[in-house]
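Asks: A structural model of the following input is requested.
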Amino acid sequence: MSADGHFEAADTIAAVATAPGAGGVGVIRLSGPKSHDILRAMFRPAGKNFRDFTPRMLHHGHVLDAEGREADDALVVFFPGPHSFTGEDCAEIQGHGGPAVLAALLDSALSRGARMAERGEFTRRAFLNGRMDLSQAEAVAEIIAAPSREGVYLASAKLDGLLGRRVEALRERLEYLRQRVCLAIDFPDEEGECLPPQEFTAIADEVAAGIRALLAGYERARCWREGALVVLAGRVNAGKSSLMNAFLGRERAIVTEKPGTTRDYLEEQTTLAGLPVRLVDTAGLRDHSEDSIELEGMRRGRELAKNARCVLLVLDGSLSREAGDLDDTFRAEGALVDELGPERCLVVWNKADLCPLPESARRFHGADVLPVSARSGEGVDELAAAIRRLCLKDETPEEGDIAPNLRQASQLRRALEALEALKKAIALSVPPDLCSIHLETASAHLADITGLNSTEDTLNAIFSSFCIGK
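Replies: Numbering: from 1, shown residues only. Down below sits the predicted model:
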């Protein structure tokens, strides 16, 4: 670390920055003090007037392998530090995207003095060099892994520093309180050095409200970040597995005429009406079973349904031919809706192509009933749209919204707990020096979100989840 706080890397790292597999374009990335020299040694310019790299300008030519042979026709670019992604000298080779040619180019860079980058090391260097705070560094991985366009918007807002600025503003308010407490401790006989309890509490409440707003954003965005848990439930042979296959567009679940084919649950990630979901097909419900495996499957299915964002209760519409009263025909299903709550359930009237849904059966125990034919696909798109509406409740994130991730939300909750303890201490007239402990705790948890005081273990855990070229 230099005197100005800049992280000084002793070595130069290199990695393939594009996704594994064959593609039209592949990128080799370098960062560190030897980036310029390594790129210069690998590059043979196409033009005769080339003298050296013009910063941030693409140059066309051939790139050499480790033996000095021309390996690829490519574009190269040099980014001098500190105005680069990592804050160090950086270089990129943009060649063809075949695995063999990228391996040859990477081997060439390594043979000329670079070493293989570790997971997330480019972004880690950017963080250590002050090019971004820790919340922005995490957003790099989140935007790559975003499962939907809305997820991209949420990660993009954090990459722009919106979360970091909001958290830092809250932390500065706490630091102001800490300063007033320190003055009161150092000059106990001076009036007015410490804020009156009412004003002190008001500022703490203001910060707590800001933290709660950020936590609300975390809850709103969980569907877009993790995928909404959607569980298919119902009696055996109602058509749950056929409906799952219809959603996925392929034969994932086994469908037979024999009851009880699905004895455990099957889970798949997919997108319904633009919403990422974790779709789970559970074992069919029945009143009696002697099979211990099937019984365990039904138990697990009920547990999943209790934790689901949306439960699709599948009814076999053909059974209604024998009885006009749905409550009598589907008594067990009605009890399940009552148990889970109609606001979390959508009732699927399956086999609607054979047995149309009666007008009198548009609601079932307070839940909406939608006609579907899992076999023909009729009504599946309308059901997907209804699932989206139920899961989101019209809370669709927009560009600029703030959505902390799980680690950040955990730190926010801890900061909130420290502020609640602070308010109780103030109410009990606890001395200022003891109150300052709660302030320091809350401030430290907020600082950990942006990385001001993050430990090496925290950084290792975060960046180890990145891909090698990022």
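Asks: looking at the chain, which helix or strand is least sure?
Replies: Ranked by mean pLDDT, DSSP states H and E, the weakest helix or strand in the chain is helix 292-307, scoring a mean of 66.
Asks: so what's residue 74 up against?
Replies: The neighbourhood of residue 74, defined by C-beta atoms under 8 Å, 6 or more residues apart in numbering, consists of 60, 61, 62, 63, 93, 94, 95, 96, 105. Any C-beta I mention is one placed from the backbone N, CA and C, and that applies to glycine too.
Asks: my read is it is in a strand, agree?
Replies: Yes - using DSSP: H, G, I helix; E, B strand; the rest coil, the assignment for residue 74 is a strand.
Asks: the residue nearest to residue 159 when sequence neighbours are not counted - how many residues pack around it?
Replies: Of all residues not flanking residue 159 in the chain, residue 139 sits nearest, at 4.0 Å (C-beta to C-beta, 6 or more residues apart in numbering). Here the number of neighbours of residue 139 (other C-beta atoms under 10 Å) works out to 27.
Asks: what's the answer for the one 10 residues further on, then?
Replies: Residue 149 has 12 neighbouring residues, counting by other C-beta under 10 Å.
Asks: and the pLDDT at the nearest residue to it once chain neighbours are set aside?
Replies: Closest residue in space to residue 149, ignoring its immediate chain neighbours: residue 274 at 7.5 Å, by C-beta to C-beta, 6+ apart. pLDDT recorded at residue 274 is 85.
Asks: could you shift the numbering so residue one becomes 59, and keep it that way?
Replies: All right, first residue 59 from here; so that's residue 332.
Asks: what's residue 332 sitting at in phi/psi?
Replies: Dihedral pair for residue 332: phi 90, psi 0, per degrees, to the nearest 10.
Asks: how about the helix or strand hosting residue 239, which residues are buried there?
Replies: Applying DSSP states H and E as the criterion places residue 239 in helix 220-244. Neighbour-count burial for helix 220-244, counted by 16 or more other C-beta atoms under 10 Å, picks out 220-222, 224-226, 228-229, 231-233, 235-236, 238-242.
Asks: so of the contacts of residue 132, which ones are in strands?
Replies: Within the contacts of residue 132, residues falling in strands by DSSP state E are 118, 119, 120, 121, 151, 152, 153, 154.
Asks: go through these and say which is closest to residue 109.
Replies: Among these, residue 119 lies closest to residue 109 (C-beta to C-beta), at 13.1 Å.
Asks: count the neighbours of the closest one for me.
Replies: Neighbours of residue 119 (other C-beta under 10 Å): 18.
Asks: ok, it to residue 130 distance?
Replies: Computed as C-beta to C-beta, to the nearest Å, the residue 119 to residue 130 distance reads 10 Å.
Asks: residue 106 too?
Replies: In this view, residue 106 and residue 130 are 20 Å apart by C-beta to C-beta.
Asks: next one: residue 91
Replies: Look at residue 91 and residue 130: by C-beta to C-beta, they are 25 Å apart.
Asks: and the longest helix along the chain with helix 220-244, angle?
Replies: In the chain, assigned by DSSP state H, the helix with the most residues is helix 255-284. Calculated by axes from the mean of the first three to the mean of the last three C-alpha atoms, to 10 degrees, helix 255-284 forms an angle of 150 degrees with helix 220-244.
Asks: so after helix 255-284, what's the next helix or strand?
Replies: By DSSP H and E, the next helix or strand past helix 255-284 is strand 286-291.
Asks: same for that next one, what does it pack against?
Replies: The contact analysis (3 or more C-beta pairs under 8 Å, 6 or more residues apart in numbering; DSSP states H and E) places strand 286-291 against helix 298-306, strand 333-339, helix 350-365, strand 368-374, helix 438-450.
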